[in-house]
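J.: sequence first, predicted model second:
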Amino acid sequence: QLQLVESGGGLVQPGGSLRLSCAASRFTLDFYGIGWFRQAPGKEREGVSCISRRDNTTNYADSVKGRFTISRDNAKNTVNLQMNSLKPEDTAVYYCAATVGVCVLSPTDFGSWGQGTQVTVSS
């Protein structure tokens with residue numbers, strides 16, 4: 001079974017940057033569409049970004065467009081989420097997940113999930 005591990009979360013001031021990574025062992029992430037999702041306390045899990053499995057087409061939530069960038073590093077077998085110009089409302093637990101289907105920002109379309117990494121944006 002595909003197991004995903006997120007890293008790179010932490011505490012950052014508003015306007016700062018963080019880079020999250022999603023890694024897998026024993027499986028090649030390039031075979032999967034990989035999505036990043038987040039869940040803030042008391043809120044539903046929402047899609048942030050996704051990169052497709054074939055042509056690496058990317059997709060972003062409107063709230064992060066122009067600030068976040070998703071990319072693959074096939075040499076390291078990771079999918080990264082570069083987050084710039086962070087805002088307090090970006091505070092959440094961030095999860096990566098994998099799909100063999102179409103890469104959309106819907107959590108129900110993803111079958112394998114990591115444990116999450118906390119991102120806190122606060123002064």
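T.: That came through, no problem. Note that the structure is a prediction, hence the values are computed from the model and not measured.
J.: return the helix or strand in this protein with minimum mean pLDDT.
T.: Sorted by mean pLDDT, DSSP states H and E, the helices and strands of the chain end with strand 112-113, the least confident at a mean of 92.
J.: any chance you could list what contacts that strand?
T.: Around strand 112-113, the neighbours that count as contacts under CB atoms under 8 Å, 6 or more residues apart in numbering are 1, 2, 3, 4, 32, 95, 96, 97, 98. C-beta here means a position set from N, CA and C on the backbone, and glycine is covered the same way.
J.: name the nearest of these relative to residue 123.
T.: For the contacts of strand 112-113, the closest approach to residue 123 (CB to CB) belongs to residue 95, at 25.2 Å.
J.: quick check: beta-bridge partners of the residue nearest to residue 114 when sequence neighbours are not counted?
T.: Computed as CB to CB, 6 or more residues apart in numbering, the closest residue to residue 114 that is not its neighbour in sequence is residue 4, at 3.8 Å. Beta-bridge pairing of residue 4 under DSSP bridges involves residue 24.
J.: can you classify the residue nearest to the spatial centre of the chain as helix, strand or coil?
T.: Central residue of the chain (CA atoms, centre = their mean): residue 36, 2.4 Å from the mean position. Look at residue 36: counting by DSSP: H, G, I helix; E, B strand; the rest coil, its state is strand.
J.: quick one: which helix or strand includes the closest residue to it other than its chain neighbours?
T.: Across the structure, with CB to CB, 6+ apart as the measure, the residue nearest residue 36 apart from its sequence neighbours is residue 48 (4.4 Å). Assigned by DSSP states H and E, residue 48 belongs to strand 46-51.
J.: pull out the buried residues from that strand.
T.: 47, 48, 49, 50, 51 (16 or more other CB atoms under 10 Å).
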